[in-house]
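1. Generate a structure from the sequence data that follows.
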Amino acid sequence: MSKTANHPRGLYVLFFTEMWERFGYYLMLGIFSLYMLDSVEHGGMGFSAVKKSDIYGTYLGLVYLTPFIGGLLADRILGYRKSIIIGALLMASGYIGLALPGETTFYLSLFLIIIGNGFFKPNISTLVGNLYNQEQYKDKKDAGYNIFYMGINIGAFVCNFVAAYMRNNYGWGYAFAAAGVGMLIGLVWFLKGMKHVKDVDVLKPVQKEDLPLSKIFTMVLLPVFAFAIIGWMIPGNIFGSDGTDAFLIGSVPVVVFYASLWFRASPEDKRPVGALLAVFAAVVIFWAIFHQNGDALTVWAKDYTDRTIDSKVMEKGFDAVNLTQNLAYDPAAPDSYFKNLPADKMPEAGKSLKLYSTELYQSINPFWVIFLTPLLVGFWGFFRRRQKEPSTPAKIVLGLLITGLSALIMVAAVKATSVDSEKASNWWLFGTYGIITFGELCLSPMGLSLVSKLSPPRLTSLLMGGWFLSTSIGNKLSGILSGLWESYEDKSKFFLINFALAFAAFLLLFAMLRWLNKVMKEKGVK
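-> Model (predicted):
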């Protein structure tokens with residue numbers, strides 16, 4: 001395995017592969033809600049707000065539930081490189097499929113993306129950790145994951161400009177097709193650089209306490225389908241919709257399977273596995289709040305934020321690349337943007353406003369990641385050189401606290417704005433995204449690092465799937481929370497619920513911090 005400076009060369013192969021994969025993923029996600037809400041006449045799906053939130057949450061849930069299967073198959077049969085290739089091809093097919101019309105094609109394309117992500121996501125993250133298992137790199141594993149995470153967000157930053165350009169100039173289909181092209185570019189890059197990661201793609205022998213694949217499929221996967229059908233058929237709705245009931249009840253066998261890993265673990269593995277499962281449970285809330293950016297916060301940007309382009313210089317610049325939205329005012333059927341627009345800003349009937357495209361607000365979070373990551377890596381490095389760097393669990397706890405504070409920014413935004421009769425400043429979104437991004441950088445890449453540090457080597461990709469299972473359930477809860485948006489006349493109450501949930505998760509994990517640090521010390525990692 002070759003190396004560059006302080007990091008293995010394979011990191012940069014995986015960095016750019018993930019950058020292009022996330023370019024496609026976040027391009028699709030950034031326009032997903034808008035596409036579902038847009039009318040059929042304008043090329044969208046014409047779904048209601050409730051149906052849109054249900055599909056959005058279910059998709060986000062399933063796309064991070066399937067890494068359980070992909071991680072398991074990679075650990076036992078396929079290996080990590082082959083799984084990544086399969087996943088990339090499936091996702092590219094799904095994105096390109098979304099460019100085609102029809103509701104059947106729509107759902108089939110989502111299915112391909114969901115399965116593809118299951119093969120891709122846990123295994124590229126596992127390879128990053130494996131690169132740092134050599135002694136000379138072990139103390140830089142957190143930094144390696146931070147750098148890898150920045151690659152994710154470079155792709156997430158750029159993609160929304162491409163999405164806005166393609167949508168404004170050519171339509172929704174071309175925007176989705178661009179996501180597929182991005183995934184294929186990432187695949188080509190990975191194939192060319194695969195030699196730099198082949199040494200860390202090693203299958204570990206199965207131990208006597210590990211269930212055989214046949215039992216896992218009969219005891220976990222079949223019950224998943226059975227429980228999902230039961231959830232769908234339950235009269236009425238327990239969690240708000242048939243889809244939500246099917247997803248959450250169908251997830252129960254997978255959650256039970258991961259819990260059983262602790263009961264079956266050897267004495268040597270029991271405490272590390274238990275520590276990971278405890279963290280997985282707590283960070284569900286983080287993902288439920290974080291992924292409001294694709295739904296509730298997108299609605300806030302679309303309908304409650306002043307997107308008017310005031311500067312002539314900015315207007316010319318954005319017009320030159322067609323990143324503006326020309327929104328015509330029709331008094332008979334006004335767009336939702338006009339419902340709280342002040343009278344002095346209302347255009348005459350038939351006239352248009354030049355607005356920043358809503359998709360562009362999706363790039364605020366990755367902008368902050370790109371800006372803050374070098375600062376945070378340097379900050380942790382400063383303390384590491386002085387032997388005072390916080391442990392990985394401590395960084396995750398800090399991330400949960402900061403996530404709660406980001407929700408309070410939006411409470412202040414609602415209180416400072418008469419949302420029924422005026423628009424909020426763009427700076428509120430910049431502020432809340434900046435705060436939650438700092439929390440994200442303390443939590444998300446550190447979670448990947450923690451799995452790599454604590455998991456038994458033969459279970460690394462499977463437990464990486466467990467991390468993404470917590471993401472999956474959190475994502476579905478994100479859709480449930482977003483579905484409450486319309487029920488609150490006072491939108492500050494919506495964001496206060498987010499704060500309360502994040503703070504409760506922070507208190508839970510803070511109470512376990514001493515134990516988590518002790519487990520890390522026993523494992524010989526920090």
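2. any idea how far Ala412 lies from His291?
-> Applying Cβ to Cβ, to the nearest Å, the value for Ala412 to His291 is 21 Å. Using the backbone N, CA and C atoms, a C-beta is placed for each residue, glycine as well.
3. More neighbours: which of the two?
-> Neighbour count, other Cβ atoms under 10 Å: between Ala412 and His291, His291 has more, with 26 against 14.
4. So for the host helix or strand of Lys141, what gets flagged as buried?
-> Element membership for Lys141 (DSSP states H and E) is helix 141-169. Of all the residues in helix 141-169, those buried under the rule 16 or more other Cβ atoms under 10 Å are 141-168.
5. What lies in contact with the helix or strand following it?
-> Later in the chain than helix 141-169, the nearest helix or strand by DSSP H and E is helix 172-193. Helix 172-193 has contacts (Cβ atoms under 8 Å, 6 or more residues apart in numbering) with 10, 12-14, 16-21, 23-25, 27-28, 31, 35, 38, 43-44, 84-85, 88-89, 91-96, 98-101, 155, 159, 162-163, 166-167.
6. Of the residues you listed, which qualify as buried by neighbour count?
-> For the contacts of helix 172-193, buried by 16+ other Cβ under 10 Å: 10, 12-14, 16-21, 23-25, 27-28, 31, 35, 38, 44, 84-85, 88-89, 91-96, 98-99, 155, 159, 162-163, 166-167.
7. Could you tell me which of these belong to helices?
-> Using DSSP state H, the members of those that fall in helices are 10, 12-14, 16-21, 23-25, 27-28, 31, 35, 84-85, 88-89, 91-96, 98, 155, 159, 162-163, 166-167.
8. Excluding chain neighbours, what is closest to Val284?
-> Spatial nearest neighbour of Val284, chain neighbours left out: Gly474 (4.3 Å); criterion: Cβ to Cβ, 6 or more residues apart in numbering.
9. mind listing what the one you found touches?
-> Gly474 makes contact with 283-288, 290-291 under the criterion Cβ under 8 Å, 6+ apart.
10. Can you add distance to Lys195, secondary structure and pLDDT and give the residues you listed back as JSON lines?
-> Output for the contacts of Gly474, formatted as JSON lines (distance: Cβ to Cβ, whole Å; DSSP: H, G, I helix; E, B strand; the rest coil; pLDDT from 0 to 100):
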{"residue": "Val283", "distance to Lys195": "35", "secondary structure": "helix", "pLDDT": "90"}
{"residue": "Val284", "distance to Lys195": "38", "secondary structure": "helix", "pLDDT": "92"}
{"residue": "Ile285", "distance to Lys195": "41", "secondary structure": "helix", "pLDDT": "90"}
{"residue": "Phe286", "distance to Lys195": "36", "secondary structure": "helix", "pLDDT": "90"}
{"residue": "Trp287", "distance to Lys195": "35", "secondary structure": "helix", "pLDDT": "88"}
{"residue": "Ala288", "distance to Lys195": "40", "secondary structure": "helix", "pLDDT": "88"}
{"residue": "Phe290", "distance to Lys195": "35", "secondary structure": "helix", "pLDDT": "86"}
{"residue": "His291", "distance to Lys195": "36", "secondary structure": "helix", "pLDDT": "78"}
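11. of these, closest to Ser251?
-> Of all these, Val284 has the smallest distance to Ser251: 11.0 Å, by Cβ to Cβ.
12. Neighbours of that closest one, how many?
-> Using other Cβ under 10 Å, Val284 has 19 other residues around it.
13. Surely His196 touches Thr17?
-> No: if you go by Cβ atoms under 8 Å, His196 and Thr17 don't touch, sitting 11.1 Å apart.
14. Point out where the stretch 51-200 of the chain drops to low pLDDT.
-> The stretch 51-200 of the chain contains no residues with pLDDT under 70.
15. ok, and the closest non-adjacent residue to the residue nearest in space to the middle of the chain?
-> By Cα atoms, centre = their mean, the chain has its centre lying nearest to His291, at 6.5 Å. In this structure, His291 finds its nearest non-sequential neighbour in Ser478, 4.0 Å apart by Cβ to Cβ, 6+ apart.
16. Show me where the stretch 351-500 of the chain has its helices.
-> For the stretch 351-500 of the chain, the helices defined by DSSP state H, counting those that start in this stretch cover 364-385, 392-416, 426-454, 460-483, 491-511.
17. And those: which comes nearest Ile114?
-> Counting by Cβ to Cβ, and looking across all of these, nearest comes helix 460-483 at 10.2 Å.
18. Against which helices or strands is the helix holding Lys141 packed?
-> For helix 141-169, the contact count by 3 or more Cβ pairs under 8 Å, 6 or more residues apart in numbering; DSSP states H and E identifies strand 7-8, helix 10-37, helix 103-131, helix 172-193, helix 364-385, helix 426-454 as packing neighbours.
19. Make TSV from the ones you listed and add distance to Gly274 to it.
-> Listed next are those as TSV, based on distance: least, Cβ to Cβ, whole Å:
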stretch	distance to Gly274
strand 7-8	30
helix 10-37	29
helix 103-131	19
helix 172-193	34
helix 364-385	26
helix 426-454	10
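20. so which of the ones you listed gets nearest Arg264?
-> Ranking the helices and strands packed on helix 141-169 by proximity to Arg264 (Cβ to Cβ) places helix 426-454 first, at 16.6 Å.
21. so for that closest one, what's the average pLDDT?
-> Taken as a whole, helix 426-454 carries a mean pLDDT of 92.
22. buried residues in that helix?
-> Quick answer for helix 426-454 (16+ other Cβ under 10 Å): 426, 428-429, 431-454.
23. Could you figure out how far that helix is turned away from helix 364-385?
-> Angle, helix 426-454 to helix 364-385, by axes from the mean of the first three to the mean of the last three Cα atoms, to 10 degrees: 50 degrees.
24. what angle sits between helix 426-454 and helix 103-131?
-> Here helix 426-454 points in a direction 60 degrees away from that of helix 103-131 (the same axes, to 10 degrees).
25. pretty sure Gly274 contacts Trp262?
-> Yes: under the criterion of Cβ under 8 Å, Gly274 makes contact with Trp262 at 5.1 Å.
26. Just read off the phi/psi values of Ala328.
-> Main-chain torsions, Ala328, degrees, to the nearest 10: phi -80, psi 140.
27. what's the burial count for the residue nearest to it when sequence neighbours are not counted?
-> Here the nearest residue to Ala328 in space, its sequence neighbours aside, is Ser352; by Cβ to Cβ, 6+ apart that works out to 4.6 Å. By the measure other Cβ under 10 Å, the count of residues near Ser352 is 13.
28. Kind regards, and thank you for your time.
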